[in-house]
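In: Quick one: sequence and predicted model below, then my questions.
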Amino acid sequence: MKAANAAAAVAPVSTSSVDIADWRPEDEAFWREKGAQIASRNLWISIPSLLCGFAVWLMWGIITVQMANAGFPFKPDELFTIAAISGLSGATLRIPASFFIRICGGRNTVWLTTALLMIPAFGTGIALQDTSTPLWVFQLMALLSGIGGGNFACSMSNISTFFPKRLQGTALGLNAGLGNFGVTTMQLLIPAVMTVGLFGAIGGDAIPLVKDSATLIGKIAAGTPTFVQNAGFVWLLLLVPLAVIGWFGMNNLLTVSPNIGSTGAAMGKIVLFYGIALVVSAIGLYLYLPAPSGSGLLSGNGMWVVLPLVIVGTLYGMKAVATGEMKANLNKQFAIFGNKHTWSMTALYVVTFGSFIGFSMALPLSITVIFGNTHVFDAGTQAWVHAKNPNAPSALMYAWIGPFVGALIRPVGGWISDKLGGSIVTQWISIVLVIASAATGYVMFLAYQSATPEEHFFTFMALFVVLFAASGIGNGSTFRTIGFVFDQDQRGPALGWTSAVAAYGSFIAPVVIGGQIKAGSPENAMYGFAVFYALCVVINWWFYLRKNAYIRNP
């Protein structure tokens, strides 16, 4: 036995082979001599791929603002709906993506899910070339943009298998934190590329603005020709080289994915499961969206019925089509649903990532609607009268700041949690989120009942920066707790599952905030979030911090 162990300890590991059969990250000698190099290479290819995934997934938060400025004939609630569709789709696609690594291999999964982003990127560019493009086309592109949302679950699951437990917080924090810069990159890059004919005749004709717009460097007057379509086309400049780099530079770990079969078969499984998730998402959206896009059967508060239906439908759809070894592998991974920590960590991850992604989607249009108009109460009609605010701040100039701070601080949250323990950090940031969310709601209340709402804007933005910073730190701390609580077999699927459910924040936040704005009470959305955060303070304490906690962390 000793001889066998000694042989395994010195077994060579190729740094160039696609499939790696010997992988022992907890073995310090192995890690020092071979493991760290391979893990780092996969991490640094994974990060820009994930960045593009976030950018394509969440680009509708900015695109819809510029669509309004460019005269696309859609109402504000229809524009909120487009952003919400990509949110629901991206969250749903994370469910199958949670299980891809063990079934299909890390390299196969990350490469294909990144390459597939070219479809919504190109399609969105085509759709934006003409203001007469019907709403359903944008809704379809938003649905396909969810492919970028699914990337996170498989990317995080993959990276978690490469690094030892002691480095989980740092590695996952880097992957997620720098990957999250896709939100900020998108929010800065899209307004910039819209001002120039970047792709010449191939990119199509310019569309003149009907409203003033802005970039980071200043305002753009109405009537200025703009290339809105570049918001989609620009991502091809990153996705094409990334597809080449990922194909030749990433690895499958056969210790994690022993039965992936051929590359083609593995990718076929990914396409099959993604197809199921997209179909289920489309059915859920049809039930939720009002006519003419859907039946409206479950619109409004029916959202809380649609979400569990979509989740359960996707899981059962996957099990229905899986056969043989694939079905056995899925059943093994579904064991996470019998672990109570799966459910506690799901709630806590909604607090952190759900907040980050939801606010990223909802903030640009919230700025446009709340601060873009003056609000005066008409005593005669007993109604609020809204008119264009000449001093309105530009969403395109400010919306990037919060996600930038949240992404920048995310690796710091992982690093601090590696030192102090994930749950204690989660506890403190949850308390901060309770206070900041309630305060933000109050400021929204003041702005939405003001003839000069811009007076409240910088307080509003400062509070949102606090929300993003706290959620960013909390992302790192929950990664650390998941790495601490779950064993190697369940860690990857648990990371993917919790991130999938949390990603529904990208659907919930635009719908809830948009609905409350339409009702004239945007503050109620933030008060509701504060109540949920307070509940999760109790959950975190009960499971991980009290004296007789299930697992003390610390």
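Out: Sure thing, it's come through. Worth saying up front: this structure is predicted, and the values here are computed from it rather than measured. Residues are numbered from 1 along each chain as shown.
In: what does the model give residue 269 for pLDDT?
Out: Listed pLDDT for residue 269 reads 91.
In: Which helix or which strand is home to it?
Out: Using DSSP states H and E, residue 269 sits in helix 263-288.
In: was I right about residue 193 contacting residue 236?
Out: No: with contact defined as C-beta atoms under 8 Å, residue 193 does not reach residue 236; the gap is 11.8 Å. All C-beta atoms are positioned from the backbone trio N, CA, C, and that covers glycine.
In: can you tell me which residues contact residue 220?
Out: Counting by C-beta atoms under 8 Å, 6 or more residues apart in numbering, residue 220 touches 195, 209, 212-214, 226.
In: For these, name the two members farthest from one another.
Out: 195 and 212 (13.4 Å; C-beta to C-beta).
In: In contact with the nearest residue to residue 485 once chain neighbours are set aside, which residues?
Out: In space, and not counting its chain neighbours, residue 485 is closest to residue 341: 4.9 Å by C-beta to C-beta, 6 or more residues apart in numbering. Contacts for residue 341 (C-beta under 8 Å, 6+ apart) come out as 485-486, 494, 543, 550-551.
In: Equivalent analysis for residue 189, please.
Out: 55, 234.
In: The helix or strand that residue 120 is a member of - contacts with which helices or strands?
Out: Secondary structure from DSSP H and E places residue 120 in helix 118-127. Applying 3 or more C-beta pairs under 8 Å, 6 or more residues apart in numbering; DSSP states H and E, one finds that helix 118-127 makes contact with helix 135-162, helix 230-233, helix 236-249.
In: can you tell which of those is closest to residue 303?
Out: helix 135-162 (16.3 Å).
In: The closest one - what's its average pLDDT?
Out: On average, helix 135-162 scores 91.
In: Any idea how far the helix or strand that comes right after that helix is from the middle of the chain?
Out: Once helix 135-162 ends, the next helix or strand along the chain (criterion: DSSP H and E) is helix 168-179. Taking C-alpha atoms, centre = their mean, to the nearest Å, the mean C-alpha location of helix 168-179 is offset from the chain mean by 14 Å.
In: Could you pull up the mean pLDDT of the helix or strand that helix 168-179 is followed by?
Out: Beyond helix 168-179 on the C-terminal side, the first helix or strand identified by DSSP H and E is helix 181-193. Taken as a whole, helix 181-193 has an average pLDDT of 86.
In: For helix 181-193, list every residue counted as buried.
Out: 181-191, 193 (16 or more other C-beta atoms under 10 Å).
In: same check, this time on stretch 299-313
Out: 299, 303, 306-307, 309-311, 313.
In: Among those residues, which one sits closest to residue 287?
Out: Relative to residue 287, the closest of those is residue 306; by C-beta to C-beta it sits at 6.0 Å.
In: hang on, the earlier thing: make CSV out of the buried residues of helix 181-193 and add distance to residue 378.
Out: Below are these laid out as CSV (distance: C-beta to C-beta, whole Å):
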residue, distance to residue 378
181, 45
182, 44
183, 39
184, 40
185, 43
186, 39
187, 36
188, 40
189, 42
190, 38
191, 35
193, 42
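In: ok, residues contacting the helix holding residue 120?
Out: Here helix 118-127 has contacts from 56, 59, 63, 133, 137-138, 140-141, 144-145, 147-148, 203-204, 229-233, 235-236, 239-240, 243, using C-beta under 8 Å, 6+ apart.
In: for this structure, what are the low-confidence residue spans?
Out: Within the chain, the stretches with pLDDT under 70 are 1-16, 214-218, 325-326, 329, 488, 553-554.
In: so where do the strands sit in it?
Out: 19-20, 207-208, 213-215, 218-220, 225-226, 252-253, 373-378, 383-388 (DSSP state E).
In: Take those and write them to JSON lines, including distance to residue 415.
Out: Output for these, formatted as JSON lines (distance: least, C-beta to C-beta, whole Å):
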{"stretch": "strand 19-20", "distance to residue 415": "27"}
{"stretch": "strand 207-208", "distance to residue 415": "45"}
{"stretch": "strand 213-215", "distance to residue 415": "34"}
{"stretch": "strand 218-220", "distance to residue 415": "37"}
{"stretch": "strand 225-226", "distance to residue 415": "41"}
{"stretch": "strand 252-253", "distance to residue 415": "25"}
{"stretch": "strand 373-378", "distance to residue 415": "43"}
{"stretch": "strand 383-388", "distance to residue 415": "46"}
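In: quick one, which of those strands is nearest to residue 500?
Out: Here strand 252-253 is closest among the strands of the chain (C-beta to C-beta), at 21.9 Å.
In: Parallel or antiparallel, which strands does the closest one pair with?
Out: Here strand 252-253 is paired, per DSSP bridges, with strand 19-20 (parallel).
In: tell me, how many neighbours does residue 271 end up with?
Out: Using other C-beta atoms under 10 Å, the number of residues around residue 271 comes to 11.
In: returning to that earlier point: quick check, nearest of the contacts of residue 220 to residue 17?
Out: Distances from residue 17 to the contacts of residue 220, taken by C-beta to C-beta, are shortest for residue 195, at 45.8 Å.
In: got the contact list for the closest one?
Out: Counting by C-beta under 8 Å, 6+ apart, residue 195 has contacts 215, 220, 224, 226-227.
In: ok, now residue 39?
Out: 25, 162-163, 171.
In: And the furthest pair within the residues you listed?
Out: 25 and 171 (10.1 Å).
In: and for these two, which residues touch both?
Out: With C-beta under 8 Å, 6+ apart, residue 25 and residue 171 have common neighbours 39, 162-163.
In: now, among those, which is nearest to residue 253?
Out: residue 162 (7.2 Å).
In: The closest residue to the closest one other than its chain neighbours and residue 410, how far apart?
Out: Excluding its sequence neighbours, the residue lying closest to residue 162 (C-beta to C-beta, 6+ apart) is residue 39, at 3.9 Å. According to C-beta to C-beta, to the nearest Å, residue 39 stands 19 Å off from residue 410.
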